[in-house]
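>>> Predicted model, plus sequence, below.
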Amino acid sequence: MIERILPDGVAAAEVFDDPPGVVLFPEEEAHVARAVAKRRAEFTAGRHCARTALAALGFPPVAIPPGEAGSPTWPAGVVGSITHCAGYRAAAVSTDVLSVGIDAEPDLPLPAGVLGTISLAEERETLAGLGEPAGGPHWDRLLFSAKESVYKAWFPLARRWLDFTEALIRIDRDGSFSATLLVPGPRIGGRPLTGFRGRWLADGGLLTTSVTVHR
Ligand SMILES: CC(C)(COP(=O)(O)OP(=O)(O)OC[C@H]1O[C@@H](n2cnc3c(N)ncnc32)[C@H](O)[C@@H]1OP(=O)(O)O)[C@@H](O)C(=O)NCCC(=O)NCCS
């Protein structure tokens, strides 16, 4: 599913059930040694997906411990992203692009009160204009997912926090979205990063989003 919204040069792997027998590297194990079963399961399946995607690029199995602010630590020269939600885990990796962020969410409305805290008034107006299709996509959840993908692509480049109100997301029905940064971005190739382009997909009760920053 996720590869449908990723460009050439980005390898992905996904699972809809937790694969049995996945062994963590000691430095990964240390991060979930005292975690509850749900957290351990999603972390382990995420690492499985990450190593599967890396194998598609020719990399041997390596540890991918959580690094700065929880971002995965990839082998030198690799960028990537991991996501997990109920019934879905995925990873995307690349040696071609500058950054990639992926996110998955159940295609369900956000819990009451959440939209107001994660969105800008202008974004809520845009969502209202998209209407409320009976079977989804649930635009409020899609907005949230797009923001998560933006953050996951932003963080490895900027190495700092980006608040939900610091990027203006505009979702289009055609499966794309844009993010305009409302704070100064890092310089990339001599020019400041001012925004992102992303893609989204609703399928099988899931929403997936991706953001790719090309060289
Ligand atoms: C970190 C965050 C993005 C994770 O998203 P989520 O929808 O809660 O959870 P997901 O399952 O999709 O993703 C979790 C994975 O994100 C990755 N991740 C965590 N912190 C990260 C960071 N700083 N940078 C990049 N990736 C990160 C990890 O791989 C993590 O999985 P793991 O711990 O098993 O390795 C989210 O919890 C968060 O802190 N958001 C606040 C910042 C934000 O979204 N700002 C919006 C800007 S417009």
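The structure has been received and is ready for your questions. Numbers count the residues shown, from 1 in each chain.

>>> burial of the nearest residue to Gly77 once chain neighbours are set aside, as a residue count?
Take Gly77 and drop its neighbours on the chain: the residue closest to it by Cβ to Cβ, 6 or more residues apart in numbering is Thr95, 5.4 Å away. To be clear about C-beta, it is placed using only N, CA and C from the backbone, and glycine gets the same treatment. Thr95 sits with 18 neighbouring residues when counted by other Cβ atoms under 10 Å.

>>> Over to Pro133?
Burial of Pro133 is recorded as 11 neighbouring residues (other Cβ under 10 Å).

>>> Ok, the one 3 residues further on next?
Gly136 is flanked by 18 other residues according to other Cβ under 10 Å.

>>> Excluding chain neighbours, what is closest to it?
Gly136 sits nearest to Asp107 (Cβ to Cβ, 6+ apart), 4.3 Å away.

>>> go on, Cys85?
That would be Ala104: by Cβ to Cβ, 6+ apart, it lies 4.9 Å from Cys85.

>>> Can you tell me which residue sits nearest the middle of this protein?
Ile102 (2.3 Å; Cα atoms, centre = their mean).

>>> Quick one: name whatever helix or strand follows the helix or strand hosting that residue.
According to DSSP states H and E, Ile102 maps onto strand 99-106. Once the chain leaves strand 99-106, the next helix or strand it forms, by DSSP H and E, is helix 114-118.

>>> For the helix or strand following that following helix, which helices and strands make contact with it?
Sequence-wise, the next helix or strand downstream of helix 114-118 (DSSP H and E) is helix 121-129. Packing contacts for helix 121-129, counted by 3 or more Cβ pairs under 8 Å, 6 or more residues apart in numbering; DSSP states H and E, involve helix 139-158, strand 167-171.

>>> out of everything not next to it in sequence, what's closest to Tyr151?
Nearest residue to Tyr151, sequence neighbours excluded (Cβ to Cβ, 6+ apart): Leu162, at 5.5 Å.

>>> Repeat that for Ile118.
Sequence neighbours aside, Phe164 is the residue nearest to Ile118 in space, at 4.4 Å (criterion: Cβ to Cβ, 6+ apart).

>>> re earlier: mind listing what the residue nearest to Tyr151 touches?
Counting by Cβ atoms under 8 Å, 6 or more residues apart in numbering, Leu162 makes contact with Val150, Tyr151, Trp154, Phe155, Leu181, Val183.

>>> neighbours of the residue nearest to Gly136, just the number please.
Asp107 has 19 neighbouring residues, counting by other Cβ under 10 Å.

>>> likewise Ile82?
The tally of other residues near Ile82 (other Cβ under 10 Å) stands at 25.

>>> Go ahead and list the helix or strand containing it.
strand 79-85.

>>> chain center to that strand, what's the gap?
On the basis of Cα atoms, centre = their mean, to the nearest Å, the separation between the geometric centre of strand 79-85 and that of its chain is 5 Å.

>>> Report all helices and strands that whichever helix or strand comes after that strand contacts.
Note on strand 79-85: by DSSP H and E, the next helix or strand toward the C-terminus is strand 88-94. If you count contacts as 3+ Cβ pairs under 8 Å, 6+ apart, strand 88-94 packs onto strand 11-15, helix 37-56, strand 79-85, strand 99-106, strand 206-213.
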